[in-house]
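1. here are the coordinates; sequence isn't available:
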Ligand SMILES: Cc1cc2nc3c(=O)[nH]c(=O)nc-3n(C[C@H](O)[C@H](O)[C@H](O)COP(=O)(O)OP(=O)(O)OC[C@H]3O[C@@H](n4cnc5c(N)ncnc54)[C@H](O)[C@@H]3O)c2cc1C
C-alpha cells in the first residue's frame, strides 16, 4: 500500500486546480490525484458553456461575488500565460418584456454594487451592436469571456505532474475507510493510504461523503442541459454572449448563445431535472423541485427565439440537439 500526505479525488477543474495548488503550497508533500475516467474534465467541466463569468448575479459582499471576480481575472491570465484559447468578448443581457426590463434595472444595480463595469443599451443601440438580436433594451457587461475549460484542466494536470504530483486516472474510488490518523482509499485495483483527503467529485460528492459514513443532510440532484448547434455558416450570427434576463423563480441563468472562434456556436443549455419517471411521480425532494422548475427543451428553444428571431428558423438551428450531460450519471437522489 502506498502512503500519501494528501489525496484529491476528482479530475474535473475543481479537483485538478486543488491538487495543483496544494502541490505548489506544499512542494515536499506527496500529493495524489485520482480520477475515475481515463481523461480529465470528462464530466461537467468538459460539457459546460465555456463562459468566464464576471459575477453579475451574486449577492454584493458575498464570498461568491469576490471569488468570481478573482477567478475571472485568474482564468484569463492563466489562459494567456499558457496560450489556451480565450476571449473577453463581453455579454449582453437582453430584456424582451416590460417585466424583464424592470428586472434588468435591478441587475444593473447589482453589477454596480459588485464593481463590475456595465452599460445600459436601448432598443436601437442593441440593434446596432448585434443586428440579429431584438429586445426592449440590454445590459452590456464587457468583462465576461469565453475559454476552453478542458484545455485549462489538462494544462493544470500537466503542471501538477511536472511539480511531482502523482496521477491515477481510470480508477473509480469504490470504498473509503477513515481511522484516527489516515484514510484508506480503495479503487478496483489499488489501495492507498492518505493523511488528508479532499473530495472534488462533482455530482458524485454526496456518494463519496456517504462512503465515509458522514451524516450529510443533502442529496445532489443532477439536471440536464441540451445545446442546439448553429451551422458553421451562421457561427458569426453574434459577436458577444447573448443571455436572457434570468427568471428569479428558477435557479438557472437561462438559455444563451455563445460565440465561438474555433467551432460553430451553441445555443443552450436548456435545463431539466434528469430523473426517471418513478421519481417525478413520487414524493422525493427531487420530484417537488421537478414540478416547480422543469423547463422543457422546447420551451428553452422558444425562449431563445424571443430575442433572436432567426433561431426560430429550423434551418438556423441544427435539427437534432447535441445533448451534453452535466454528468454521465442520470438519476441520483
Ligand atoms: C450545462 C452546464 C453548463 C455550465 N456552464 C458553465 C459556464 O459556462 N461557466 C462556468 O464557469 N461554469 C459552468 N458550469 C458549471 C461548471 O461546469 C462546474 O461548476 C464545474 O465544471 C464543476 O467542476 P467539478 O470539478 O466540481 O466537477 P466535474 O467536472 O463533474 O468533475 C468531477 C470529477 O470527479 C470524478 N469522480 C466522481 N466520482 C468519482 C469516484 N468515485 N472516483 C474517482 N473520481 C470520481 C468524475 O469522473 C469527474 O471527472 C456549467 C455546468 C453545467 C452542467
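-> Nice, I can see it. Keep in mind that what you see is a predicted model, and the values were worked out from it rather than measured.

2. pop out the phi and psi values for residue 127.
-> phi -60, psi -40 (degrees, to the nearest 10).

3. wait, what's in contact with residue 236?
-> Residue 236 is in contact with residue 259, counting by CB atoms under 8 Å, 6 or more residues apart in numbering. Using the backbone N, CA and C atoms, a C-beta is placed for each residue, glycine as well.

4. confirm that it sits in a helix.
-> No: read with DSSP: H, G, I helix; E, B strand; the rest coil, residue 236 is coil and lies in no helix.

5. what pLDDT does it get?
-> You'll see residue 236 listed with a pLDDT of 79.

6. near the ligand, which residues of the stretch 151-300 of the chain show up?
-> For the stretch 151-300 of the chain, the contact set with the ligand under CB under 6 Å from any ligand atom comprises 172, 173, 200, 201, 202, 203, 204, 208, 225, 269.

7. can you say which helix or strand has residue 115 in it?
-> Residue 115 is part of no helix or strand when elements are defined by DSSP states H and E.

8. count of neighbours near the spatially closest residue to it that is not a sequence neighbour?
-> Leaving aside its sequence neighbours, residue 115 sits nearest to residue 69 (CB to CB, 6 or more residues apart in numbering; 7.5 Å). When neighbours are defined as other CB atoms under 10 Å, residue 69 has 18 of them.

9. residues in contact with residue 69?
-> Taking CB under 8 Å, 6+ apart, one finds 54, 55, 114, 115, 116 in contact with residue 69.

10. okay, buried residues for stretch 224-235 please.
-> Neighbour-count burial for stretch 224-235 flags 224, 225, 226, 227, 228, 229, 230, 234, 235 (criterion: 16 or more other CB atoms under 10 Å).

11. can you name the residue of the stretch 201-333 of the chain nearest to the ligand?
-> Residue nearest to the ligand within the stretch 201-333 of the chain (CB to the nearest ligand atom): residue 202, separated by 2.7 Å.

12. that residue against residue 10, yeah?
-> Yes: between residue 202 and residue 10 there is a contact at 6.3 Å, judged by CB atoms under 8 Å.

13. which one's more surrounded, these two?
-> Relative neighbour count places residue 10 above the other of residue 202 and residue 10, with 26 against 22, counting by other CB under 10 Å.

14. what residue, apart from its backbone neighbours, is nearest the more buried one spatially?
-> Closest to residue 10 by CB to CB, 6+ apart is residue 200, at 3.7 Å.

15. who touches that neighbour in this structure?
-> Contacts for residue 200 (CB under 8 Å, 6+ apart) come out as 8, 9, 10, 12, 14, 15, 18.

16. which of these are close to the ligand?
-> Counting by CB under 6 Å from any ligand atom, 9, 10, 12, 14, 15 from those sit close to the ligand.

17. the ligand: which of these is nearest?
-> residue 12 (2.2 Å).

18. okay, that closest one: pLDDT?
-> 98.

19. same check on residue 172?
-> pLDDT, residue 172: 98.

20. these two touch, right, it and residue 187?
-> Yes: using CB under 8 Å, residue 172 makes contact with residue 187 at a distance of 6.2 Å.

21. phi and psi next, for residue 147.
-> As for residue 147, its main-chain torsions (degrees, to the nearest 10) stand at phi -160, psi 180.

22. and the helices in the chain, which stretches?
-> Per DSSP state H, the chain has helices spanning 13-25, 63-81, 98-113, 123-129, 149-162, 205-211, 277-281, 285-293, 297-307. These are given in chain order.

23. need the contact list for the spatially closest residue to residue 171 that is not a sequence neighbour.
-> The shortest distance from residue 171 to any non-neighbouring residue, by CB to CB, 6+ apart, is to residue 187 (3.9 Å). By CB under 8 Å, 6+ apart, the contact list for residue 187 reads 34, 168, 171, 172, 173, 174.

24. surely the fifth one touches residue 11?
-> No: Residue 173 lies out of contact with residue 11 (CB under 8 Å); the separation is 11.5 Å.

25. neighbour count: these two, which is higher?
-> residue 11 (31 against 25).

26. touching, that one and residue 46? I think so.
-> No: applying CB under 8 Å as the test, residue 11 and residue 46 come out as separate, 10.2 Å apart.

27. okay, and the common contacts of these two?
-> residue 153.

28. residue ranges with poor pLDDT in the stretch 51-200 of the chain?
-> By pLDDT under 70, the stretch 51-200 of the chain has no low-scoring segment.

29. before we move on, what about the stretch 201-333 of the chain?
-> Across the stretch 201-333 of the chain, the ranges flagged by pLDDT under 70 are 251, 260-265, 271-333.

30. the ligand contacts on the stretch 1-150 of the chain?
-> Counting by CB under 6 Å from any ligand atom, the stretch 1-150 of the chain comes close to the ligand at 9-15, 34-37, 42-45, 48-51, 53.
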